[in-house]
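Asks: Just to be clear, the model below is a prediction. Sequence and coordinates:
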Amino acid sequence: MDAAAASLVALDLAGEDDEQQDDEEQQQQQQQAHAASALDICIERYMAAEETARLCSSSRALQQLCNARLSSELLVRSLVAAAQAARTQAGAWQAAVSQAVAAAPPLSAAAAPASASTPAGAGTSAPPPAAAAAAAAAPAATGPTSLQALRWLLRQPAVTAATINQCGQQLLDIPGVPLAAAEAVVRAGLRVQITGLQLVVRAIDDSEGLGVWVAAFTLAGVPLEEWAAADLPAYLRQVCCYLHYGELTPDIDELVQGLTPGRAAIVLSVALNMAACGHPSSNGSAAVRIIDSMLRQPACDTMRQLPAESVKSLLSLAVLLHGVTAHPAGRSALTHTVLFLSTVPAAQQLPTAALVEMARQAVATAGADRVEVATPILQLLAGRELSAEQAAMLLSLLRGPAPAAAAEAIVERVCQAGAA
């Protein structure tokens with residue numbers, strides 16, 4: 001009897017253990033379902049590659065959950081994060097150089113500015129040693145964490161070329177994408193057609209042109225027909241692909257000769273964006289050569305016929321790009337462009353308000369060459385009647401040691417030019 005009772009008790013306990021185990025398994029499944037739902041929301045709406053990579057490295061279970069949820073939306077957010085990191089690093093570089101310039105000897109002791117006839121890449125004064133040291137010590141334009149995370153994401157089996165191309169146009173619309181990030185996306189399979197309208201509008205209207213994507217396609221060796229739409233004019237194909245595709249490499253002077261003023265403005269705006277990419281092995285170096293050819297004989301005769309609206313757009317674009325470009329050859333080409341455009345006849349017709357804003361942007365940028373950029377713009381303001389707000393804007397440039405030093409040098413140079 002005792003043995004039978006003991007057996008019944010044992011069976012009852014075993015049943016309770018089974019029920020408890022079933023309850024625990026059910027609770028675990030519910031927790032996993034809740035975690036999966038929360039992960040769905042996070043990856044779908046908030047997370048980028050950096051956060052996703054950290055989760056995947058924390059446990060195998062989370063790695064499996066994350067890998068099943070990689071999407072084109074996550075890729076878009078990851079490229080946005082890389083662009084934001086690039087802007088942050090660029091801002092840090094600007095601040096470091098500005099601080100170094102402020103601590104350097106007065107800029108009034110610098111060499112005379114380059115003339116409009118000086119070839120691009122020559123005639124700009126070298127930055128002070130402190131500025132050069134700050135520039136050399138500045139980190140790369142893309143933070144390693146965001147770029148490495150983006151590359152990790154692009155290596156995942158779930159992120160196929162089809163996944164990337166689902167959001168191709170969205171990727172092209174992201175402002176400030178660094179070249180390294182764009183090239184990584186292209187090498188992972190991005191194939192999207194860039195139209196002539198896109199290239200021209202983005203190049204002229206703002207400083208976030210498609211030059212970085214053109215350079216990325218070219219560096220990755222992507223055939224022209226896989227990214228250049230059929231409506232991309234032949235002369236723009238030459239500009240975009242110069243030095244990279246053998247069948248599209250005429251002499252530079254031949255390339256820019258015979259352009260109408262309208263086409264010349266388009267070619268220069270695209271070349272300025274290409275030069276601002278700042279990668280020596282990309283089309284940036286070719287763009288510098290194209291800019292140099294356009295600003296000297298015989299092409300410069302056509303450039304001098306540009307209407308005031310085109311001069312305003314190109315001058316503003318050159319100043320904007322100069323403020324965000326760290327590559328020396330690109331900055332030199334942009335500086336030379338400002339010097340040239342300020343001498344064309346239509347420059348005298350530019351609105352005072354536009355010139356005041358350009359002067360503010362030029363002085364606020366980093367680097368000793370801002371003097372060469374700001375001086376011709378301020379010379380265009382000579383003799384004009386300024387409103388109280390515009391006068392206050394120009395006077396505000398005198399605040400702080402670095403802007404004050406630059407402004408002092410600019411005033412001195414303007415006076416010297418007037419005396420001459």
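Replies: That came through, no problem. Numbers count the residues shown, from 1 in each chain.
Asks: do you know how far residue 389 is from residue 353?
Replies: 9 Å (Cβ to Cβ, to the nearest Å). (Glycine included, C-beta is placed from N, CA and C.)
Asks: Likewise for residue 394?
Replies: Distance of residue 394 to residue 353, given as Cβ to Cβ: 12 Å.
Asks: Tell me the helix or strand right after the helix or strand containing residue 357.
Replies: Using DSSP states H and E, the element containing residue 357 is helix 352-364. Per DSSP H and E, the first helix or strand lying C-terminal to helix 352-364 is helix 370-381.
Asks: Export only the CA atoms of that following helix, formatted as CSV.
Replies: C-alpha atoms of helix 370-381 as CSV (Å, rounded to 0.1, in the frame of the first residue of the first chain):
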residue,chain,number,x,y,z
ARG,A,370,39.2,82.3,-47.2
VAL,A,371,40.9,85.7,-47.6
GLU,A,372,41.4,85.0,-51.3
VAL,A,373,37.7,83.9,-51.5
ALA,A,374,36.2,86.8,-49.6
THR,A,375,38.3,89.6,-51.1
PRO,A,376,36.9,89.7,-54.6
ILE,A,377,33.3,89.4,-53.3
LEU,A,378,33.8,92.4,-50.9
GLN,A,379,35.4,94.3,-53.8
LEU,A,380,32.1,93.9,-55.7
LEU,A,381,30.4,95.6,-52.7
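Asks: From the contact counts, what lies against the helix or strand just after that helix?
Replies: Remark: after helix 370-381, the chain's next helix or strand is helix 388-396, criterion DSSP H and E. For helix 388-396, the packing partners by 3 or more Cβ pairs under 8 Å, 6 or more residues apart in numbering; DSSP states H and E come out as helix 352-364.
Asks: Contacts for the helix it packs on next, please.
Replies: 312, 315-316, 319-320, 322-323, 338, 370, 373-374, 377-378, 380-381, 384-386, 390, 393-394, 396-397, 403, 406-407, 410 (Cβ atoms under 8 Å, 6 or more residues apart in numbering).
Asks: about what we covered before: comparing residue 394 and residue 353, which residue is more hemmed in?
Replies: A count of neighbours by other Cβ atoms under 10 Å puts residue 394 above the other of residue 394 and residue 353, at 16 against 13.
Asks: The more buried one and residue 386 touch, don't they?
Replies: Yes - in this structure, residue 394 is within contact of residue 386 by Cβ atoms under 8 Å, at 7.3 Å.
Asks: and residue 297, how far is that from residue 257?
Replies: 11 Å.
Asks: Between these two, point out the one with more neighbours.
Replies: Per other Cβ under 10 Å, whichever of residue 297 and residue 257 has more neighbours is residue 257, with 13 against 9.
Asks: measure that one to residue 222 for me?
Replies: Residue 257 is 29 Å from residue 222, by Cβ to Cβ.
Asks: ditto for residue 193
Replies: 12 Å.
Asks: for residue 296, same thing?
Replies: With distances taken as Cβ to Cβ, residue 296 is found 32 Å from residue 222.
Asks: burial of residue 187, as a residue count?
Replies: Residue 187 is flanked by 15 other residues according to other Cβ under 10 Å.
Asks: actually residue 229, sorry about that
Replies: Going by other Cβ under 10 Å, the residues that sit close to residue 229 add up to 14.
Asks: domain ranges for the protein?
Replies: Per automatic domain parsing, the structural domains of the chain span 45-178, 193-328, 351-420.
Asks: And those domains, which one averages the lowest pLDDT?
Replies: Mean pLDDT per stretch puts domain 45-178 lowest among the domains of the chain, at a mean of 70.
Asks: Tell me which other helices or strands the host helix or strand of residue 149 touches.
Replies: Assigning secondary structure by DSSP H and E places residue 149 in helix 144-155. If you count contacts as 3+ Cβ pairs under 8 Å, 6+ apart, helix 144-155 packs onto helix 49-58, helix 72-103, helix 179-187.
Asks: And the helix or strand harbouring residue 236, what's buried?
Replies: Assigned by DSSP H and E, residue 236 belongs to helix 234-241. Residues 235, 236, 237, 238, 239, 240, 241 are the ones in helix 234-241 that count as buried (16 or more other Cβ atoms under 10 Å).
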